[in-house]
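1. Sharing a model prediction with you, sequence too.
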Amino acid sequence: MSQQKQIPISIEVFAAIWRNHRAGEQTEDEILRRLLLADSGRNRQGQQTPRTRRKWIDDVVDGFRRIGGKGSYNAIYESVRIVRKESGYRIPPSFEAIVRREVENHSSDSDAFLGGRDLFHAPKGKGSGYWALR
């Protein structure tokens, strides 16, 4: 185990740490290690580990699956927000724009389609804000 240092924190911060805990985590150090060191590329022994950073499109597809494969942008946003939080990823201020970008870049029903993976379609028509997995 690494050296430990005590730090004073407010009750509000302490509560926030425990709101972010996952099953199996028994100490504040375990919770903070996951939240703060997840992208550091090192395991508990300090050895380099492979990065397993998820792509936004994976979160969006998982969000669609959570709501039965189809829904309005508002339902999609909420579902993807849950997926991101459960995975320990932050929700940036541009969150909704990122989700829209991923849907539209991966749909031949959109003017923003980039080619490649055609994952979504607009069953209620272009501009309806309602999307479904193909």
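-> Great, that's in hand.

2. all helices of the protein, in order?
-> Applying DSSP state H to the chain gives helices spanning 11-19, 28-37, 56-66, 73-86, 95-105.

3. Could you pull up the residues touching the residue nearest in space to the middle of the chain?
-> In the chain, the centroid-proximal residue (CA atoms, centre = their mean) is residue 84; its distance is 2.3 Å. Applying CB atoms under 8 Å, 6 or more residues apart in numbering, we find residue 84 in contact with 59, 90-91. All C-beta atoms are positioned from the backbone trio N, CA, C, and that covers glycine.

4. what about 6 Å?
-> Contacts here follow CB atoms under 6 Å, 6 or more residues apart in numbering; on that basis residue 84 touches 59, 91.

5. Not including adjacent chain positions, what is the nearest residue to residue 114?
-> Nearest residue to residue 114 in three dimensions, chain neighbours excluded: residue 105, at 4.7 Å (CB to CB, 6 or more residues apart in numbering).
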